[in-house]
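Peer 1: sequence unknown, structure follows:
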């Protein structure tokens, strides 16, 4: 396996934090030209890196360490009453793997989602170039999953299959279907897919304790967070 010592790393200039008002952020990137196989990709997730398009990164802020990697313990997860209601409400949905999400209907759904749900973020406004670089630049181990009801596209999930888990890269969905709780449905579905594949974890990216938008992640318990001394079960 490739050694961490072989990596070329780059940092961005400081910029406004997307999650904590008044904070400045900096990001550490792995050289995108560096070839990373599935084993090494798994190792990078284990030490807190994430993938966005062709880039594998992690926060590298000078004065803040609030971004905390987290992962669901798939084999111990049991859906509570609220989660069971979400699954029952969406039992009419069909989830299917597809080779690509490069069609116009995929982009239009993404555009509606970003421009409705993320107007206050750095992804607004959505664009074709952004969509292609962020989500269509995939790895060999990337899974694209369509969610449909009677043929209508309602959501798309993108995740990477690692050796020990799935990494939830991104999900976008119809913002007019709020009553379905499609974001919750997507996480529950990926937990079940990981279980069927006999994988131990669903990596959910970064959790920030003081960011309300991130609070949903710790609802999927038991969950582990990565701290300086390794992965620890969150209370």
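Peer 2: Nice, I can see it. Values in this document were obtained by computation on a predicted structure and should not be read as measured data.

Peer 1: use CA for all of it now, contacts and neighbours both
Peer 2: Will do.

Peer 1: all strands in the protein, in order from the N-terminus.
Peer 2: Counting by DSSP state E, the chain has strands at residues 9-11, 15-16, 24-25, 27-30, 50-52, 55-59, 68-73, 94-98, 142-149, 152-161, 165-173, 201-207, 223-227, 230-233.

Peer 1: quick one: strands adjacent to the lowest-mean-pLDDT helix or strand in the chain?
Peer 2: Lowest by mean pLDDT, DSSP states H and E among the helices and strands of the chain is strand 15-16, with a mean of 91. Strand 15-16 sits in its sheet next to strand 24-25 (antiparallel), going by DSSP bridges.

Peer 1: Now tell me what touches the partner strand from outside.
Peer 2: Strand 24-25 has contacts (CA atoms under 8 Å, 6 or more residues apart in numbering) with 14-17, 59-62.

Peer 1: If you rank those by neighbours, which is first?
Peer 2: Within the contacts of strand 24-25, residue 59 tops the neighbour count with 21 neighbours, counted by other CA atoms under 10 Å.

Peer 1: Dump the strands of the chain to a markdown table, plus distance to residue 136.
Peer 2: Below are those laid out as a markdown table (distance: least, CA to CA, whole Å):
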| stretch | distance to residue 136 |
| --- | --- |
| strand 9-11 | 23 |
| strand 15-16 | 25 |
| strand 24-25 | 26 |
| strand 27-30 | 19 |
| strand 50-52 | 10 |
| strand 55-59 | 12 |
| strand 68-73 | 24 |
| strand 94-98 | 12 |
| strand 142-149 | 10 |
| strand 152-161 | 10 |
| strand 165-173 | 11 |
| strand 201-207 | 19 |
| strand 223-227 | 28 |
| strand 230-233 | 31 |
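
Peer 1: worst average pLDDT in those strands?
Peer 2: Note on the strands of the chain: lowest mean pLDDT is at strand 15-16, with a mean of 91.

Peer 1: And that one, how far out from the chain middle?
Peer 2: Distance of strand 15-16 from its chain centroid, counting by CA atoms, centre = their mean, to the nearest Å, is 21 Å.

Peer 1: start the count at 756, not 1, going forward
Peer 2: Fine by me, first position is 756 from now on; the one you just mentioned is strand 770-771.

Peer 1: Show residues contacting it.
Peer 2: With CA under 8 Å, 6+ apart, strand 770-771 has contacts from 777-781.

Peer 1: what about 10 Å?
Peer 2: For strand 770-771, contacts defined as CA atoms under 10 Å, 6 or more residues apart in numbering pick out 777-782, 816, 877.
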